[in-house]
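*Asks:* Just a sequence and a predicted model for now, questions to come.
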Amino acid sequence: MIELDHQLGLPVLYTFRRCPYAMRARLAIVAAGLQVEVRELVLRAKPAHMLEISPKGTVPVLWLPNGTVIDESLDVMRWAVDQSFPADWLVLNAGQQQQCDDWIALLDGEFKRNLDRYKYPHRYHTDTYTCDPLEHRAVCEKILTQWNAVLEQHGQQADTFLFGGQPSFADYAILPFVRQFRIADEAWFDAAPGYDALKRWLSAFLASNVLERAMTKYSPWQPGDTPLTFPG
Ligand SMILES: N[C@@H](CCC(=O)N[C@@H](CS)C(=O)NCC(=O)O)C(=O)O
């Protein structure tokens, strides 16, 4: 019989390396110093077991040894920081928490909606509508301009985050999507004027040890494989 259970006694994380939602979950797991059993997948062939425990079929999915399933990326982040609050992260006060929630709502809503249309306009064309990627890039830019202004207020240092000198939940929830925005047209982004603070923030993240560890490559998991731990 194929063993699907928690063989290592660790939570099991179904994940897809390039997915920004899964990425934010892995970043929080790394930052919190936790270990999970990792099951990498490809989106076109999701493991039956993942769909059984989370029929909506999105990653990340975290399956705890007690059977609890956490299948929203922000909830996985919250779970991770509840287990062990990352030593270098800022503890948000009530006002900062509200700001963090508002930014993440803007990101997961308007920003993501427009990012998808900027990256994959062909998916949104219809017989009567031609999706213009640049229109959607402009909406994302308005939001990025706000974050650039916030970062600008904290000064010119390379290690500046949304709430100042320490990273927080907000930075790690948002940065995987800013990374995606850049990847959509790197030459344009790198040459675009007016995003100096945002570029410093993104560059520091791209060069960070936490991202490197969160992006470790795993082959897609299959039932019966020897269990692997993340971070490796
Ligand atoms: N609200 C979910 C969204 C997760 C999500 O949409 N993940 C994408 C990958 S980036 C996915 O799994 N899509 C399913 C598919 O493409 O089949 C979360 O925050 O976890």
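*Replies:* Structure received.

*Asks:* what about residue 165, how many residues close to it?
*Replies:* The number of residues packed near residue 165 is 11, by other C-beta atoms under 10 Å. In this view, the C-beta of every residue, glycine as well, is placed from N, C-alpha and C.

*Asks:* Going forward, count from 262.
*Replies:* With 262 as the first residue, the last one maps to residue 426.

*Asks:* Excluding chain neighbours, give the residue nearest to it in space.
*Replies:* Sequence neighbours aside, residue 420 is the residue nearest to residue 426 in space, at 6.7 Å (criterion: C-beta to C-beta, 6 or more residues apart in numbering).

*Asks:* what's in contact with stretch 321-338?
*Replies:* Here stretch 321-338 makes contact (C-beta atoms under 8 Å, 6 or more residues apart in numbering) with 267, 270-276, 280, 282-283, 285-290, 297, 311, 314-315, 317, 319, 340, 365, 430, 433-434.

*Asks:* Please apply the same query to stretch 422-438.
*Replies:* Stretch 422-438 is contacted from outside by 281-282, 284-285, 288-289, 292, 334-335, 338, 342, 347, 349-351, 353, 357, 360-361, 364-365, 368, 372-373, 376, 408, 411-412, 415, 418, 420, 462-463, 466, using C-beta under 8 Å, 6+ apart.

*Asks:* Please report the separation between the first and final residues of it.
*Replies:* Start to finish, the residues bounding stretch 422-438 are 15 Å apart (C-alpha to C-alpha, to the nearest Å).

*Asks:* Domains in this structure, by residue range?
*Replies:* Domain segmentation of the chain under automatic domain parsing yields 273-348+476-491, 355-472.
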